[in-house]
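Novice: sequence plus predicted model, see below.
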Amino acid sequence: MNTLAEAWRWLTDPAHWTGDDGVWHRLAQHLVLTAVCLVVSCLIALPVALVLGHLGKGGALAVNLSNVGRAVPTFAVLVLLLLTPLGRYGEGPTIVALVLFAVPPLLTNAYVGMREVDRGVVRAARGMGMTGRQILFRVELPLALPMVMNGVRIAAVQLVATATIAALAGGGGLGRIITAGFNLASTPQVVAGAVLVAVFALIVEGVFETAERLAPRLVRGSR
Amino acid sequence: MTAPPDDCLARNEWICGTYLTTRRQILLDAVAQHLQLTVLAVLLGLVIALPLAVLARRWGWAAGPVLAVTTILYTVPSLAMFSLLLPVYGLSAALVVAGLVLYSLTLLVRNILAGLRAVPEETRQAARGLGYGPVRLLLTVELPLAVPAAMAGLRIATVSAVSLVTVGAIVGFGGLGNLIYAGMNTYFKAQVLTASLLCVVIAVAADLLLLGVQWLITPWTRGARG
């Protein structure tokens, strides 16, 4: 319990919140890193998943990709990229590693969501003379949106959590507070950093939860 | 002193046969540590998850809290998880194992519970009609029928654990992660690549092994699928 009290003292010390190593700066880095990676992985995964789901092809690809994604340690990918020429571009390796990590859940969820759209509805739309493009954007996508958004949410929370590992390889973000604590052998700082990351992950989860509640009924799906 | 040999180690190449032969013992030790940590964590996770899932199945009210707690545990980042447990376990292998156990709980409890819930009510009634008591029903009917779902969870938990062990490098017990960490600091390319590939090989091998075990212990599912 003593450690917790000391961690609390670390957190409430204003000196730890300012400056380049301060919590606010690390939090901003973490936020930017997560947001950039989420946007990039959505831009890569969602169009592919929507088209494959619309065509009804590539199911095995989506499932296998997410299995392989779990087997490859993010830390290993990060270090491998760091040692390639890409390593010279600051946060480059971190972004690539995190995007590789976030694509599988996005792809799988969006693909499954598209395939779970009632085939009868799709046939009815085709019978009404809708083109493939119209069916995709006006029928399938709106119906699959809850599943797609669920994938985005899973990816976002995982990104927040995994971006911490970037610090092991010298990247920025909240993980730096933890690794710096390890190097200083300061358990209170390590615990304080861990609490910050966990709280941040839960806040992101909460933001998505709230957005889901406030969104129009169509997006939420019928529950 | 002789001039440094001009081999792939000196040139710091990604793929290096000399590395494999000269550092064989180091690699084997790291693999052994990696396997130990993974197996210990998954087994402990299973020992804790099984009763939790059975209890959550028996008493419906327990399911909510059990699932909620394990899900929150899963949201805690791995690096943070190891750090939060630091005051309890110190810099030790137990710390890494404890962190991995907490991670595997979500996957295992969820899948075992789903498997138990999927046992058809008629099957349970038939067993009760044959005079099976609750314990015998659980052990000889419900649990065996839940095996395929439980095994799916076990496979995911194991594969995730293999890749998460590497993060244990921060406290010096990361199996192959230690080699990756050390290789990163010294720009030792062959070591990083070899250790990373070995991680993936272990994960895939463990997955296939569990798939084989599942095939062996659920003979009744074969005819239906084949």
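Specialist: Cool, got the structure.

Novice: list the buried residues of stretch B:171-190.
Specialist: Using 16 or more other CB atoms under 10 Å in any protein chain shown as the test for burial, stretch B:171-190 gives B:171, B:173-184, B:188-190. The C-beta positions use only the backbone N, C-alpha and C, and glycine is treated the same way.

Novice: among those residues, which are in reach of chain A?
Specialist: Subset of those in contact with chain A: B:171, B:177, B:180-181, B:183-184, B:189, counting by CB under 8 Å from any CB of the partner chain.

Novice: min pLDDT across those residues, which one?
Specialist: Within those, B:Val171 has the lowest pLDDT, namely 86.

Novice: give me every residue that touches that residue.
Specialist: Shown in contact with B:Val171 (CB atoms under 8 Å, 6 or more residues apart in numbering or on different chains): A:182, B:82, B:86, B:91-92, B:95-96.

Novice: show me where pLDDT drops low in the chain?
Specialist: You didn't say which chain, so I picked chain A. Residue ranges of chain A with pLDDT under 70: A:1, A:216-223.

Novice: if you could check chain B rather than the one you did, that'd help
Specialist: Looking at chain B by pLDDT under 70, you get B:1-6, B:224-226.

Novice: so which residue is smack in the middle of it?
Specialist: B:Thr158 (2.4 Å; CA atoms, centre = their mean).

Novice: how much space between that residue and A:Gly206?
Specialist: Using CB to CB, to the nearest Å, one gets 31 Å for the distance from B:Thr158 to A:Gly206.

Novice: what does A:Leu174 give?
Specialist: 17 Å.

Novice: which of these two has more neighbours?
Specialist: A:Leu174 (29 against 10; other CB atoms under 10 Å in any protein chain shown).

Novice: residues in contact with that one?
Specialist: A:23, A:26-27, A:29-30, A:163-164, A:167, A:193, A:196-197, A:200.

Novice: burial of the residue nearest to B:Leu113 when sequence neighbours are not counted, as a residue count?
Specialist: Among residues not flanking B:Leu113 along the chain, B:Ala53 sits closest, at 4.5 Å (CB to CB, 6 or more residues apart in numbering or on different chains). Using other CB under 10 Å, the number of residues around B:Ala53 comes to 28.

Novice: can you name the element that comes right after whichever strand or helix holds B:Ala53?
Specialist: Assigned by DSSP states H and E, B:Ala53 belongs to helix B:24-58. The C-terminal neighbour of helix B:24-58 among helices and strands, as given by DSSP H and E, is helix B:60-75.

Novice: get me the contact residues on chain B for chain A.
Specialist: So chain B meets chain A at B:72, B:75-81, B:83-84, B:86-87, B:156, B:159-160, B:162-164, B:166-167, B:169-171, B:177, B:180-181, B:183-184, B:187, B:189, B:192-193, B:195-196, B:199-200, B:203-204, B:207 (CB under 8 Å from any CB).
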